[in-house]
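Undergrad: Sequence plus predicted model, see below.
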Amino acid sequence: LIVHKFTRNCIEANILTGCGKGDTIFIPCIPVIPSNVPSQFKRLQFPICVSFATSINKSQGQALKVAGLQLQEPYFSHGQLYVEA
């Protein structure tokens, strides 16, 4: 997604990949009212998760707690990809 506009009640963005590529979407703000706490309150939040992307070359030598890979083609040969804990 590329975000174009933030308003109080929605986010306007464009889809970059997939079947909706190029479509403009509006993500509404959703009220959340927790029921497992002693006092009543309402929180407003957007249903999104912030993420970042980097190239394979720029990621070399970085230490990350969590990483996700989306490989649509086999980019790595045997033994090329490793993880250090």
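TA: Thanks, I have it.

Undergrad: mind showing which ranges of the protein have poor pLDDT?
TA: Applying pLDDT under 70 to the chain picks out residues 56, 70, 78-85.

Undergrad: and the residue of it most remote from its centre, what does it touch?
TA: The C-alpha centroid of the chain is most remote from residue 38, which lies 32.0 Å away (C-alpha atoms, centre = their mean). Listed by C-beta atoms under 8 Å, 6 or more residues apart in numbering, residue 38 has no contact partners. To be clear about C-beta, it is placed using only N, CA and C from the backbone, and glycine gets the same treatment.

Undergrad: just residue 25 next, same as before
TA: Shown in contact with residue 25 (C-beta under 8 Å, 6+ apart): 1, 12, 13, 14, 15.

Undergrad: Residue 46: which of those is nearest?
TA: If you rank those by distance to residue 46 using C-beta to C-beta, residue 13 comes first, at 10.6 Å.

Undergrad: what does the host helix or strand of the closest one rub up against?
TA: Residue 13 is part of strand 10-14 when elements are defined by DSSP states H and E. With C-beta under 8 Å, 6+ apart as the test, strand 10-14 has contacts from 1-5, 22-29, 46, 48.

Undergrad: Farthest-apart pair in the residues you listed, please.
TA: 22 and 29 (24.3 Å).

Undergrad: the more surrounded of those two?
TA: A count of neighbours by other C-beta atoms under 10 Å puts residue 29 above the other of residue 22 and residue 29, at 13 against 8.

Undergrad: In this structure that one contacts residue 45, no?
TA: Yes. Here residue 29 reaches residue 45: they are 7.0 Å apart, a contact under C-beta atoms under 8 Å.

Undergrad: about what we covered before: helix, strand or coil: sort out the residue farthest from the centre of the chain for me.
TA: coil (DSSP: H, G, I helix; E, B strand; the rest coil).

Undergrad: how close does it sit to residue 32?
TA: 17 Å (C-beta to C-beta, to the nearest Å).
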